[in-house]
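A.B. asks: could you look at this predicted model? Sequence included:
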2 protein chains.
Amino acid sequence: MTKICSTSRITGCQFTLFPMSNDFVDIILSTLEEVDTSKVWKETDDVTTCIRGKSIHIFDVTKSIFLHAAKTGEHVAMSGTFSIGCPGDSSGDVYMEESDILMNESNSISMKQQAGCKFSLYPLGREDYMDKIYEQIDLSKNTGVKVSHSHYATRLDGDVNAIFSALQQSFDNVQKVVSHVTMTFTISANSPSNKD
Amino acid sequence: MTKICSTSRITGCQFTLFPMSNDFVDIILSTLEEVDTSKVWKETDDVTTCIRGKSIHIFDVTKSIFLHAAKTGEHVAMSGTFSIGCPGDSSGDVYMEESDILMNESNSISMKQQAGCKFSLYPLGREDYMDKIYEQIDLSKNTGVKVSHSHYATRLDGDVNAIFSALQQSFDNVQKVVSHVTMTFTISANSPSNKD
């Protein structure tokens, strides 16, 4: 059974950018300045930033934010949850009228950055949710990133552009068949643990 | 319908501690040294730390780690996902034999620290999952923390001990009636946004 959605298919991401540096304020502010967020609804407080709009722009903006922060060379991480089809989710609908032209992709694609990422998919309201999860774990193997299993999550290692591509592909494929889907992720770059 | 669990009720938390400081390595290492993790299974890599065992010890350890990191006075955050009843989850079962005596609570309870937290509950495999979520949003109002609604999450503000108490209460009550539950959280302390 595929549930019929009562609201538009607006996608959101609630995330936090974590620069492990005394300059964290500057890194966060300069990153937000460099990224074009004009096609998404955006709200930031002291705990998280929430952006909402078309799925393609949500992934475009989150990837760009992470890439700009990582290029400082500091150890940076980003943790958050993508969400689609949350009942009661309606504000920011006006951003669904934006065109499909990505505002940050041409810049992002030129940025080479290695990272490690763990993500988990949660298809909600379905008794067959584990099948949907397993299907996507298989699928993410075709995206040019190294895929491995870890407790409660799938791990992706590789280029940031490829990692976000795998995240987006998994999320999009599940949301086609499940109304309400969330996907948690933590991505980390320039960790001193990887510098040997 | 309450699903019957195929494995023991082992609880896990996959989390990352983020000190926004050049001293992040020292803060993470000294925190892990000060917290007693002897009653949980533990695995750390460059992206996350995963602990597993009895629910009470998982909350005891995560709270203590956050409190020890926050007492440095640096802006620190912690983001992660609690999980129970994940099908296929079996390693670390030996820690289910530990006694219920908490190893860090006596120390934690004396530590006063304000924080802001956002959390989301995901009861899986249930078509009535939204009812389970709404019940817990109501419930967390009785815990001495300020509760507010934000996009995709419930926000808790107050003392860290009270916040973790609310998180634990919500998680425990849902896992009594839903086999597989996850709960995401991001908690933040000493943010410069709050210093005015």
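C.D. replies: All right, it came through fine.

A.B. asks: can you give me the helices in chain A?
C.D. replies: Secondary structure of chain A (DSSP state H): helices located at A:24-34, A:55-70, A:105-108, A:129-139, A:160-177.

A.B. asks: now the second one: buried residues?
C.D. replies: Of the residues in helix A:55-70, those buried by neighbour count under the rule 16 or more other Cβ atoms under 10 Å in any protein chain shown are A:55-70. The C-beta positions use only the backbone N, C-alpha and C, and glycine is treated the same way.

A.B. asks: again, but for the shortest one
C.D. replies: Neighbour-count burial for helix A:105-108, counted by 16+ other Cβ under 10 Å, picks out residue A:108.

A.B. asks: for residue B:98, state which of the buried residues of helix A:55-70 is nearest.
C.D. replies: Each of these was scored against residue B:98 by Cβ to Cβ, and residue A:66 proved nearest at 38.2 Å.

A.B. asks: the closest one against residue A:189, yeah?
C.D. replies: Yes - with contact defined as Cβ atoms under 8 Å, residue A:66 reaches residue A:189; the gap is 7.5 Å.

A.B. asks: common neighbours of those two, please.
C.D. replies: Common neighbours of residue A:66 and residue A:189, counting by Cβ atoms under 8 Å, 6 or more residues apart in numbering or on different chains, are A:76, A:115, A:160.

A.B. asks: contacts for stretch A:45-53 next, please.
C.D. replies: A:10-17, A:37, A:39-44, A:58, A:61-62, A:80, A:89, A:91-92, A:95-96, A:98, B:77, B:116-118, B:150-153, B:155, B:186-188, B:191, B:193-194.

A.B. asks: equivalent analysis for stretch A:19-33, please.
C.D. replies: So stretch A:19-33 is in contact with A:17-18, A:65, A:68-69, A:72, A:74-77, B:18-22, B:24, B:75, B:192, going by Cβ under 8 Å, 6+ apart.

A.B. asks: please redo it, this time with the cut-off set to 6 Å
C.D. replies: Residues external to stretch A:19-33 that are found in contact with it (Cβ atoms under 6 Å, 6 or more residues apart in numbering or on different chains): A:17, A:65, A:68-69, A:72, A:74-76, B:20-22, B:24.

A.B. asks: could you pull out the buried residues of that stretch?
C.D. replies: A:19-22, A:24, A:27-28, A:31-32.

A.B. asks: redo the residues you listed as JSON lines? Include pLDDT.
C.D. replies: Formatted as JSON lines, these follow (pLDDT from 0 to 100):
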{"residue": "A:19", "pLDDT": "97"}
{"residue": "A:20", "pLDDT": "97"}
{"residue": "A:21", "pLDDT": "96"}
{"residue": "A:22", "pLDDT": "96"}
{"residue": "A:24", "pLDDT": "96"}
{"residue": "A:27", "pLDDT": "96"}
{"residue": "A:28", "pLDDT": "94"}
{"residue": "A:31", "pLDDT": "95"}
{"residue": "A:32", "pLDDT": "89"}
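
A.B. asks: among the shared contacts of residue A:66 and residue A:189, who's most crowded?
C.D. replies: Among the shared contacts of residue A:66 and residue A:189, the one with the most neighbours (other Cβ atoms under 10 Å in any protein chain shown) is residue A:76, at 30 neighbours.

A.B. asks: if we can go back for a sec, weakest of the helices of chain A by average pLDDT?
C.D. replies: With a mean of 68, helix A:129-139 has the lowest mean pLDDT of those.

A.B. asks: would you turn the helices of chain A into JSON lines with distance to residue B:49?
C.D. replies: Conversion of those to JSON lines gives the following (distance: least, Cβ to Cβ, whole Å):
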{"stretch": "helix A:24-34", "distance to residue B:49": "21"}
{"stretch": "helix A:55-70", "distance to residue B:49": "21"}
{"stretch": "helix A:105-108", "distance to residue B:49": "29"}
{"stretch": "helix A:129-139", "distance to residue B:49": "22"}
{"stretch": "helix A:160-177", "distance to residue B:49": "20"}
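
A.B. asks: of those helices, which is nearest residue B:111?
C.D. replies: For the helices of chain A, the distance to residue B:111 is smallest for helix A:24-34, at 23.4 Å, taking Cβ to Cβ.

A.B. asks: where's the closest one relative to the chain centroid, distance-wise?
C.D. replies: Put simply, helix A:24-34 sits 18 Å off its chain's centre (Cα atoms, centre = their mean, to the nearest Å).

A.B. asks: which residues of chain A lie near chain B?
C.D. replies: Selection of chain A residues close to chain B by Cβ under 6 Å from any Cβ of the partner chain yields A:14, A:16, A:18, A:20-22, A:24, A:46-48, A:50, A:79, A:81, A:83, A:87, A:116, A:118, A:122, A:124-125, A:127, A:129-130, A:151-152, A:184, A:186, A:188, A:191, A:193-194.

A.B. asks: filter those down to the buried ones, ChimeraX style.
C.D. replies: One line in ChimeraX is enough to select the buried ones among those; burial here means 16+ other Cβ under 10 Å:
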select /A:14,16,18,20,21,22,24,46,47,48,50,79,81,83,87,116,118,122,124,125,129,130,151,152,184,186,188,191
